[in-house]
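Engineer: from the sequence below, what's the structure:
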Amino acid sequence: MMDTITFGPPRGEADLLRFARLSEYAFWDEPAAQPGIGWLDTSGGRVIRLARRGETVIGGALVIPAGQWFGGRPVSAALIGAVSVAPEHRSGGVGSRLVADYLRAARDLGLAISTLYPASYAVYHRTGYEHAGTNLRYDLSVGALPVVRAGDGGITVREHAGDTAALRAAYARQAAITAGQIERPEEYWSGVFGESKRATHRYVAEQGGEVVGYLVFTQRVEADGTRVIEVRDLVATSRSASRALLGFLAAHRGNVDTVRLWAGANDHRLLEVGGRGLKPTYVDPWMLRILDVSAALSARGYPASVTAELHLDYRDDLLPENTGHWLVRIAGGRAEVTQGGDGHIRATARGLSGLFSGAYTAGAMADPVHLDAPDADLAALTAVFAGPAPWMDDHF
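Structural biologist: The predicted structure is shown next:
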(Lines give C-alpha, C1' and ligand atoms only; values in the text may rest on other atoms or scores of the structure.)
Protein backbone atom coordinates (compact mmCIF):
# COMPACT_ATOMS: atom_id res chain seq x y z
CA MET A 1 0.00 0.00 0.00
CA MET A 2 1.35 3.44 -0.94
CA ASP A 3 2.45 5.61 2.00
CA THR A 4 0.18 8.67 1.93
CA ILE A 5 1.85 10.71 4.67
CA THR A 6 1.90 14.43 3.87
CA PHE A 7 3.05 17.50 5.79
CA GLY A 8 1.67 21.00 6.06
CA PRO A 9 0.12 23.65 8.31
CA PRO A 10 -3.15 23.23 10.25
CA ARG A 11 -6.32 23.52 8.18
CA GLY A 12 -8.56 24.62 11.02
CA GLU A 13 -9.44 24.27 14.69
CA ALA A 14 -10.07 20.52 14.39
CA ASP A 15 -6.44 20.02 13.34
CA LEU A 16 -5.22 22.12 16.28
CA LEU A 17 -7.32 20.12 18.73
CA ARG A 18 -5.99 16.86 17.35
CA PHE A 19 -2.39 18.10 17.58
CA ALA A 20 -2.94 19.39 21.12
CA ARG A 21 -4.35 16.01 22.14
CA LEU A 22 -1.36 14.16 20.63
CA SER A 23 1.05 16.50 22.38
CA GLU A 24 -0.62 16.13 25.77
CA TYR A 25 -0.72 12.35 25.33
CA ALA A 26 3.03 12.36 24.63
CA PHE A 27 4.23 14.76 27.33
CA TRP A 28 1.64 15.08 30.11
CA ASP A 29 1.21 12.58 32.93
CA GLU A 30 -2.52 13.35 33.13
CA PRO A 31 -3.83 14.61 29.75
CA ALA A 32 -6.96 16.74 29.88
CA ALA A 33 -10.22 15.35 28.52
CA GLN A 34 -10.49 18.46 26.32
CA PRO A 35 -7.04 19.97 25.66
CA GLY A 36 -6.62 23.70 25.26
CA ILE A 37 -5.23 25.18 22.05
CA GLY A 38 -4.34 28.69 23.22
CA TRP A 39 -0.64 27.78 23.28
CA LEU A 40 -0.83 26.89 19.57
CA ASP A 41 -1.18 30.47 18.37
CA THR A 42 1.02 31.48 15.46
CA SER A 43 1.83 35.02 16.59
CA GLY A 44 5.45 36.15 16.60
CA GLY A 45 6.24 34.11 13.51
CA ARG A 46 5.49 30.75 15.11
CA VAL A 47 4.91 27.88 12.69
CA ILE A 48 2.97 24.66 13.22
CA ARG A 49 3.79 21.69 11.01
CA LEU A 50 1.50 18.66 10.98
CA ALA A 51 1.90 15.15 9.59
CA ARG A 52 -1.18 13.53 8.06
CA ARG A 53 -1.96 10.05 6.90
CA GLY A 54 -4.79 10.65 4.49
CA GLU A 55 -6.94 13.26 6.22
CA THR A 56 -5.96 12.27 9.78
CA VAL A 57 -3.41 14.30 11.74
CA ILE A 58 -0.90 11.78 13.13
CA GLY A 59 1.82 14.11 14.42
CA GLY A 60 3.11 17.63 14.61
CA ALA A 61 5.70 20.11 15.84
CA LEU A 62 5.79 23.76 16.91
CA VAL A 63 8.56 26.05 15.60
CA ILE A 64 9.24 29.15 17.74
CA PRO A 65 11.56 31.79 16.23
CA ALA A 66 13.97 33.18 18.82
CA GLY A 67 17.71 33.41 19.36
CA GLN A 68 20.36 31.62 21.39
CA TRP A 69 23.61 33.07 22.72
CA PHE A 70 26.98 31.51 21.90
CA GLY A 71 30.37 33.19 22.16
CA GLY A 72 28.81 36.38 23.51
CA ARG A 73 26.48 36.87 20.53
CA PRO A 74 22.89 35.79 19.75
CA VAL A 75 22.30 33.37 16.87
CA SER A 76 18.86 33.17 15.26
CA ALA A 77 17.26 29.94 16.45
CA ALA A 78 14.21 27.76 15.98
CA LEU A 79 13.02 26.51 19.36
CA ILE A 80 11.19 23.25 18.68
CA GLY A 81 8.38 22.12 20.95
CA ALA A 82 5.61 19.55 21.16
CA VAL A 83 7.14 17.11 18.65
CA SER A 84 4.69 14.23 18.83
CA VAL A 85 3.47 11.27 16.79
CA ALA A 86 0.38 9.19 17.51
CA PRO A 87 1.50 5.94 19.20
CA GLU A 88 -0.04 3.72 16.54
CA HIS A 89 2.08 5.46 13.90
CA ARG A 90 5.43 5.34 15.69
CA SER A 91 8.42 3.19 14.69
CA GLY A 92 7.59 3.59 11.01
CA GLY A 93 9.81 6.54 10.17
CA VAL A 94 7.11 9.18 10.68
CA GLY A 95 9.12 10.92 13.38
CA SER A 96 12.22 11.30 11.19
CA ARG A 97 10.14 12.61 8.30
CA LEU A 98 8.39 15.09 10.60
CA VAL A 99 11.76 16.37 11.84
CA ALA A 100 12.98 16.75 8.24
CA ASP A 101 9.84 18.72 7.42
CA TYR A 102 10.07 21.20 10.30
CA LEU A 103 13.83 21.64 9.71
CA ARG A 104 13.03 22.80 6.20
CA ALA A 105 10.30 25.11 7.50
CA ALA A 106 12.66 26.60 10.10
CA ARG A 107 15.43 27.09 7.55
CA ASP A 108 12.96 28.80 5.22
CA LEU A 109 12.17 31.25 8.06
CA GLY A 110 15.83 32.35 7.85
CA LEU A 111 16.85 30.75 11.16
CA ALA A 112 20.41 29.51 11.62
CA ILE A 113 20.15 26.80 14.30
CA SER A 114 17.51 24.62 15.94
CA THR A 115 17.28 23.67 19.62
CA LEU A 116 14.99 21.24 21.43
CA TYR A 117 14.50 19.06 24.49
CA PRO A 118 14.41 15.48 23.13
CA ALA A 119 12.07 12.75 24.26
CA SER A 120 14.37 10.29 22.46
CA TYR A 121 17.92 10.77 21.24
CA ALA A 122 17.82 8.25 18.38
CA VAL A 123 15.51 10.11 15.99
CA TYR A 124 17.33 13.40 16.52
CA HIS A 125 20.78 11.87 16.11
CA ARG A 126 19.61 10.43 12.79
CA THR A 127 18.48 13.88 11.67
CA GLY A 128 21.65 15.79 12.56
CA TYR A 129 21.14 16.93 16.15
CA GLU A 130 23.72 16.51 18.90
CA HIS A 131 23.60 16.90 22.66
CA ALA A 132 24.46 20.49 23.57
CA GLY A 133 23.64 21.11 27.21
CA THR A 134 21.75 20.03 30.30
CA ASN A 135 19.12 21.84 32.30
CA LEU A 136 19.13 20.72 35.94
CA ARG A 137 16.50 21.28 38.60
CA TYR A 138 17.88 21.76 42.09
CA ASP A 139 16.04 21.61 45.39
CA LEU A 140 18.42 23.55 47.60
CA SER A 141 18.21 23.52 51.36
CA VAL A 142 18.02 27.11 52.54
CA GLY A 143 20.77 26.20 54.99
CA ALA A 144 23.15 25.54 52.06
CA LEU A 145 22.85 29.11 50.80
CA PRO A 146 25.40 31.77 51.78
CA VAL A 147 24.49 34.11 54.62
CA VAL A 148 25.15 37.64 53.38
CA ARG A 149 24.73 40.92 55.23
CA ALA A 150 22.51 43.48 53.52
CA GLY A 151 24.60 45.80 51.35
CA ASP A 152 27.66 43.54 51.45
CA GLY A 153 29.94 44.22 48.47
CA GLY A 154 28.09 47.41 47.68
CA ILE A 155 25.09 45.49 46.31
CA THR A 156 21.60 46.13 47.60
CA VAL A 157 18.57 43.95 46.98
CA ARG A 158 15.16 45.60 46.90
CA GLU A 159 11.64 44.84 45.75
CA HIS A 160 10.91 45.87 42.18
CA ALA A 161 7.77 46.78 40.24
CA GLY A 162 7.05 48.53 36.99
CA ASP A 163 9.21 48.78 33.87
CA THR A 164 11.43 45.77 33.18
CA ALA A 165 13.83 47.25 30.60
CA ALA A 166 16.79 47.33 33.03
CA LEU A 167 16.09 43.73 34.03
CA ARG A 168 16.01 42.57 30.42
CA ALA A 169 19.30 44.38 29.84
CA ALA A 170 20.82 42.52 32.80
CA TYR A 171 19.60 39.24 31.31
CA ALA A 172 21.35 40.10 28.02
CA ARG A 173 24.60 40.83 29.90
CA GLN A 174 24.35 37.47 31.66
CA ALA A 175 23.66 35.77 28.32
CA ALA A 176 26.78 37.34 26.84
CA ILE A 177 29.07 35.89 29.55
CA THR A 178 27.51 32.41 29.43
CA ALA A 179 26.51 30.06 26.60
CA GLY A 180 23.14 28.68 25.57
CA GLN A 181 20.80 31.34 26.95
CA ILE A 182 17.70 32.06 24.91
CA GLU A 183 17.10 35.45 23.33
CA ARG A 184 13.57 35.38 24.62
CA PRO A 185 10.48 36.06 22.51
CA GLU A 186 8.06 38.54 24.06
CA GLU A 187 5.67 35.83 25.28
CA TYR A 188 8.52 34.30 27.28
CA TRP A 189 9.07 37.59 29.08
CA SER A 190 5.37 37.70 29.87
CA GLY A 191 5.77 34.29 31.48
CA VAL A 192 8.70 35.50 33.57
CA PHE A 193 7.24 38.75 34.87
CA GLY A 194 3.51 38.06 34.67
CA GLU A 195 1.31 36.95 37.54
CA SER A 196 0.45 33.30 38.12
CA LYS A 197 -2.05 31.52 40.36
CA ARG A 198 0.28 32.29 43.26
CA ALA A 199 1.65 35.72 44.14
CA THR A 200 4.76 36.59 42.13
CA HIS A 201 7.64 38.34 43.90
CA ARG A 202 10.30 40.35 42.04
CA TYR A 203 13.54 41.73 43.49
CA VAL A 204 16.51 43.47 41.89
CA ALA A 205 20.17 43.59 42.87
CA GLU A 206 21.73 47.02 42.29
CA GLN A 207 25.29 48.25 42.46
CA GLY A 208 26.13 51.90 41.94
CA GLY A 209 22.65 52.56 40.58
CA GLU A 210 22.90 49.77 37.96
CA VAL A 211 20.82 46.59 37.93
CA VAL A 212 23.33 43.72 38.19
CA GLY A 213 20.79 40.95 38.70
CA TYR A 214 17.25 40.11 39.63
CA LEU A 215 15.08 37.39 41.12
CA VAL A 216 11.49 36.37 40.34
CA PHE A 217 9.81 33.70 42.47
CA THR A 218 6.64 32.29 43.95
CA GLN A 219 6.01 30.36 47.18
CA ARG A 220 4.14 27.16 47.90
CA VAL A 221 3.68 24.47 50.56
CA GLU A 222 4.03 20.88 49.33
CA ALA A 223 1.77 18.02 50.40
CA ASP A 224 4.34 16.88 52.99
CA GLY A 225 4.49 20.36 54.51
CA THR A 226 7.79 21.42 52.88
CA ARG A 227 7.83 25.19 52.38
CA VAL A 228 9.27 25.99 48.96
CA ILE A 229 10.41 29.07 47.07
CA GLU A 230 10.10 28.31 43.34
CA VAL A 231 12.46 30.53 41.38
CA ARG A 232 11.02 31.57 38.04
CA ASP A 233 14.08 33.57 36.96
CA LEU A 234 17.45 34.28 38.56
CA VAL A 235 19.87 36.56 36.72
CA ALA A 236 23.31 37.57 37.97
CA THR A 237 25.85 39.44 35.88
CA SER A 238 28.71 38.66 38.30
CA ARG A 239 29.63 36.33 41.13
CA SER A 240 29.03 39.09 43.67
CA ALA A 241 25.54 39.66 42.26
CA SER A 242 24.68 35.97 42.55
CA ARG A 243 26.01 35.93 46.13
CA ALA A 244 23.80 38.89 47.05
CA LEU A 245 20.68 37.27 45.55
CA LEU A 246 21.38 33.88 47.12
CA GLY A 247 21.97 35.65 50.42
CA PHE A 248 18.57 37.30 50.05
CA LEU A 249 17.01 33.84 49.61
CA ALA A 250 18.96 32.54 52.63
CA ALA A 251 17.30 35.26 54.72
CA HIS A 252 14.04 33.31 54.30
CA ARG A 253 15.38 30.40 56.39
CA GLY A 254 12.89 31.07 59.19
CA ASN A 255 9.86 30.43 56.98
CA VAL A 256 11.18 28.44 53.97
CA ASP A 257 12.80 25.00 53.78
CA THR A 258 13.75 24.62 50.11
CA VAL A 259 14.65 26.83 47.15
CA ARG A 260 13.79 25.17 43.82
CA LEU A 261 15.42 26.47 40.66
CA TRP A 262 16.71 25.45 37.24
CA ALA A 263 20.41 25.88 36.51
CA GLY A 264 23.35 24.54 34.54
CA ALA A 265 25.92 21.95 35.54
CA ASN A 266 28.66 24.61 35.80
CA ASP A 267 26.51 27.59 36.60
CA HIS A 268 28.22 30.75 37.91
CA ARG A 269 25.07 31.62 39.89
CA LEU A 270 25.61 28.65 42.20
CA LEU A 271 29.32 29.06 42.93
CA GLU A 272 28.53 30.06 46.52
CA VAL A 273 26.34 27.03 47.26
CA GLY A 274 27.89 24.30 49.40
CA GLY A 275 29.02 21.41 47.18
CA ARG A 276 27.16 18.64 49.01
CA GLY A 277 24.00 20.73 48.97
CA LEU A 278 24.07 20.92 45.19
CA LYS A 279 22.25 17.78 44.08
CA PRO A 280 19.97 17.90 41.02
CA THR A 281 16.53 16.37 41.41
CA TYR A 282 15.73 16.37 37.67
CA VAL A 283 17.90 16.30 34.55
CA ASP A 284 16.62 17.71 31.25
CA PRO A 285 19.15 17.50 28.36
CA TRP A 286 18.80 19.58 25.21
CA MET A 287 20.12 19.21 21.69
CA LEU A 288 21.16 21.53 18.86
CA ARG A 289 21.31 21.30 15.08
CA ILE A 290 22.70 23.71 12.50
CA LEU A 291 20.14 24.81 9.91
CA ASP A 292 22.25 27.25 7.88
CA VAL A 293 25.96 26.54 8.21
CA SER A 294 27.13 29.88 6.82
CA ALA A 295 24.68 31.98 8.85
CA ALA A 296 25.29 30.02 12.07
CA LEU A 297 29.09 30.24 11.92
CA SER A 298 28.95 33.92 10.92
CA ALA A 299 26.58 34.93 13.73
CA ARG A 300 28.27 33.14 16.61
CA GLY A 301 31.02 34.81 18.63
CA TYR A 302 34.49 33.31 19.22
CA PRO A 303 37.40 33.85 21.64
CA ALA A 304 38.96 37.21 20.72
CA SER A 305 42.49 35.83 21.05
CA VAL A 306 41.98 33.00 18.53
CA THR A 307 42.94 33.30 14.87
CA ALA A 308 42.24 30.29 12.67
CA GLU A 309 41.36 29.15 9.16
CA LEU A 310 39.04 26.16 8.88
CA HIS A 311 38.57 24.25 5.63
CA LEU A 312 35.27 22.38 5.97
CA ASP A 313 33.96 19.59 3.77
CA TYR A 314 30.43 19.66 5.16
CA ARG A 315 27.63 17.18 4.52
CA ASP A 316 23.97 17.73 5.34
CA ASP A 317 21.63 15.13 3.86
CA LEU A 318 18.41 16.88 4.97
CA LEU A 319 19.36 20.46 4.05
CA PRO A 320 21.57 19.87 1.00
CA GLU A 321 22.22 23.56 0.32
CA ASN A 322 24.58 23.37 3.32
CA THR A 323 26.63 20.61 1.70
CA GLY A 324 29.97 21.56 0.16
CA HIS A 325 33.33 23.13 0.92
CA TRP A 326 33.33 26.13 3.27
CA LEU A 327 36.27 28.33 4.22
CA VAL A 328 35.89 29.83 7.72
CA ARG A 329 38.32 32.55 8.78
CA ILE A 330 38.26 33.39 12.50
CA ALA A 331 39.77 36.63 13.81
CA GLY A 332 38.88 39.23 16.42
CA GLY A 333 36.01 37.15 17.81
CA ARG A 334 34.13 36.95 14.49
CA ALA A 335 33.98 34.55 11.53
CA GLU A 336 34.01 35.22 7.80
CA VAL A 337 32.42 32.31 5.93
CA THR A 338 32.75 31.78 2.18
CA GLN A 339 32.38 28.81 -0.13
CA GLY A 340 35.64 27.13 -1.07
CA GLY A 341 38.74 25.92 0.71
CA ASP A 342 40.54 22.58 0.68
CA GLY A 343 37.94 20.66 2.67
CA HIS A 344 40.35 18.71 4.86
CA ILE A 345 37.95 18.90 7.84
CA ARG A 346 35.16 16.45 7.05
CA ALA A 347 32.02 17.02 9.14
CA THR A 348 28.38 16.03 9.08
CA ALA A 349 25.55 18.16 10.44
CA ARG A 350 25.64 16.15 13.65
CA GLY A 351 29.42 16.44 13.98
CA LEU A 352 29.59 20.22 13.56
CA SER A 353 26.46 20.79 15.67
CA GLY A 354 28.18 19.01 18.55
CA LEU A 355 31.05 21.49 18.36
CA PHE A 356 28.97 24.60 17.79
CA SER A 357 27.57 24.79 21.31
CA GLY A 358 31.00 24.37 22.91
CA ALA A 359 29.79 21.39 24.92
CA TYR A 360 32.57 19.12 23.62
CA THR A 361 36.11 19.40 22.36
CA ALA A 362 36.84 18.38 18.78
CA GLY A 363 39.00 15.52 20.04
CA ALA A 364 36.09 14.12 21.99
CA MET A 365 33.74 14.45 19.00
CA ALA A 366 36.12 13.04 16.37
CA ASP A 367 35.18 9.86 14.55
CA PRO A 368 35.46 8.65 10.93
CA VAL A 369 31.80 9.44 10.15
CA HIS A 370 30.82 12.73 11.79
CA LEU A 371 34.09 14.64 12.36
CA ASP A 372 37.34 13.57 10.72
CA ALA A 373 40.33 15.89 10.53
CA PRO A 374 44.10 16.03 11.12
CA ASP A 375 45.18 16.58 14.71
CA ALA A 376 46.17 20.21 14.05
CA ASP A 377 42.70 20.98 12.74
CA LEU A 378 41.04 19.23 15.69
CA ALA A 379 43.10 21.44 18.02
CA ALA A 380 42.08 24.53 16.04
CA LEU A 381 38.40 23.54 16.22
CA THR A 382 38.64 23.09 19.99
CA ALA A 383 40.20 26.55 20.39
CA VAL A 384 37.64 28.19 18.09
CA PHE A 385 34.57 26.80 19.87
CA ALA A 386 35.97 27.01 23.42
CA GLY A 387 33.78 28.67 26.00
CA PRO A 388 31.70 28.13 29.14
CA ALA A 389 29.59 24.98 29.44
CA PRO A 390 26.20 25.77 27.82
CA TRP A 391 23.00 25.88 29.84
CA MET A 392 19.61 27.57 29.77
CA ASP A 393 16.67 28.05 32.12
CA ASP A 394 13.87 28.25 29.58
CA HIS A 395 11.67 25.32 28.56
CA PHE A 396 9.67 24.90 25.37
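
Engineer: who does residue 56 bridge with?
Structural biologist: residue 53 (DSSP bridges).

Engineer: count of neighbours near it?
Structural biologist: By other C-beta atoms under 10 Å, the residues close to residue 56 number 11. Where C-beta positions appear, they are placed from N, C-alpha and C, glycine not excepted.

Engineer: measure it to residue 83 for me?
Structural biologist: Counting by C-beta to C-beta, to the nearest Å, the gap from residue 56 to residue 83 is 18 Å.

Engineer: repeat that for residue 187.
Structural biologist: Counting by C-beta to C-beta - residue 187 and residue 83 are separated by 19 Å.

Engineer: quick one: which of those two has more around it?
Structural biologist: Comparing residue 187 with residue 83 by other C-beta under 10 Å, the one with more neighbours is residue 83, at 24 against 14.

Engineer: for the more buried one, which non-adjacent residue is closest in space?
Structural biologist: residue 61 (4.5 Å; C-beta to C-beta, 6 or more residues apart in numbering).

Engineer: check which residues of the host helix or strand of the one you found are buried.
Structural biologist: Taking DSSP states H and E as the criterion, residue 61 maps to strand 56-70. By 16 or more other C-beta atoms under 10 Å, the buried positions in strand 56-70 come out as 57-70.

Engineer: and if you look at stretch 295-312?
Structural biologist: Using 16+ other C-beta under 10 Å as the test for burial, stretch 295-312 gives 295-303, 308, 310-312.

Engineer: part of a strand, is residue 26?
Structural biologist: No. Under DSSP: H, G, I helix; E, B strand; the rest coil, residue 26 sits outside any strand and is assigned helix.

Engineer: what about the closest residue to it other than its chain neighbours, which SS state?
Structural biologist: Nearest residue to residue 26, sequence neighbours excluded (C-beta to C-beta, 6+ apart): residue 84, at 4.0 Å. Per three-state DSSP, the secondary structure class of residue 84 is strand.

Engineer: count of neighbours near residue 84?
Structural biologist: Residue 84 has 25 nearby residues by other C-beta under 10 Å.

Engineer: for it, list each beta-bridge partner.
Structural biologist: Where residue 84 sits in a bridge, its partners, by DSSP bridges, are residue 60.

Engineer: does it touch residue 21 like I think?
Structural biologist: No. Between residue 84 and residue 21 there is no contact under C-beta atoms under 8 Å: 9.4 Å.

Engineer: so how far does stretch 196-210 reach from one end to the other?
Structural biologist: End-to-end distance for stretch 196-210: 28 Å, by C-alpha to C-alpha, to the nearest Å.

Engineer: no wait, stretch 38-52
Structural biologist: Rule used - C-alpha to C-alpha; the end-to-end distance of stretch 38-52 is 22 Å.

Engineer: next: stretch 247-259.
Structural biologist: End-to-end distance (C-alpha to C-alpha), stretch 247-259: 12 Å.

Engineer: go on, stretch 168-184?
Structural biologist: End-to-end distance of stretch 168-184 (C-alpha to C-alpha): 10 Å.

Engineer: nearest residue to residue 345 in space, please, no chain neighbours.
Structural biologist: Spatial nearest neighbour of residue 345, excluding adjacent residues (C-beta to C-beta, 6+ apart): residue 373 at 4.2 Å.

Engineer: which phi and psi does the closest residue in space to residue 343 that isn't next to it in sequence have?
Structural biologist: Nearest non-adjacent residue to residue 343, counting by C-beta to C-beta, 6+ apart: residue 313, 3.3 Å away. Note on residue 313: its backbone torsions stand at phi -110, psi 100 [degrees, to the nearest 10].

Engineer: thought residue 313 was touching residue 345?
Structural biologist: Yes. At 6.6 Å, residue 313 and residue 345 qualify as touching, with contact defined as C-beta under 8 Å.

Engineer: compare the two (neighbour count), which wins?
Structural biologist: More crowded of residue 313 and residue 345, by other C-beta under 10 Å: residue 345, with 25 against 17.

Engineer: so what's the more buried one bridging to?
Structural biologist: For residue 345, the beta-bridge partners are residue 312 (DSSP bridges).

Engineer: so it sits against residue 376, correct?
Structural biologist: No. Residue 345 is not in contact with residue 376 according to C-beta under 8 Å; the separation is 10.3 Å.

Engineer: and the buried residues of stretch 295-312, which is closest to residue 194?
Structural biologist: residue 299 (29.9 Å; C-beta to C-beta).

Engineer: list the contacts for that closest one?
Structural biologist: 73-76, 112 (C-beta atoms under 8 Å, 6 or more residues apart in numbering).

Engineer: what about the residues you listed, which are in strands?
Structural biologist: Within the contacts of residue 299, residues falling in strands by DSSP state E are 73-76.

Engineer: could you list the low-pLDDT ranges of the stretch 251-396 of the chain?
Structural biologist: Along the stretch 251-396 of the chain, the model assigns pLDDT under 70 to residues 274-277.

Engineer: that one: strands as residue ranges?
Structural biologist: With DSSP state E, counting those that start in this stretch applied, the stretch 251-396 of the chain shows strands at 258-263, 280-290, 308-315, 324-331, 334-339, 345-348, 371-372, listed in chain order.

Engineer: returning to that earlier point: show the contacting residues for the residue nearest to residue 345.
Structural biologist: Neighbour list for residue 373: 344-347, 362, 366, 381 [criterion: C-beta under 8 Å, 6+ apart].

Engineer: then residue 384?
Structural biologist: Residue 384 touches 302-303, 306, 308, 310, 330, counting by C-beta under 8 Å, 6+ apart.

Engineer: if we use 6 Å, what do you get?
Structural biologist: By C-beta atoms under 6 Å, 6 or more residues apart in numbering, the contact list for residue 384 reads 302, 306, 308, 330.
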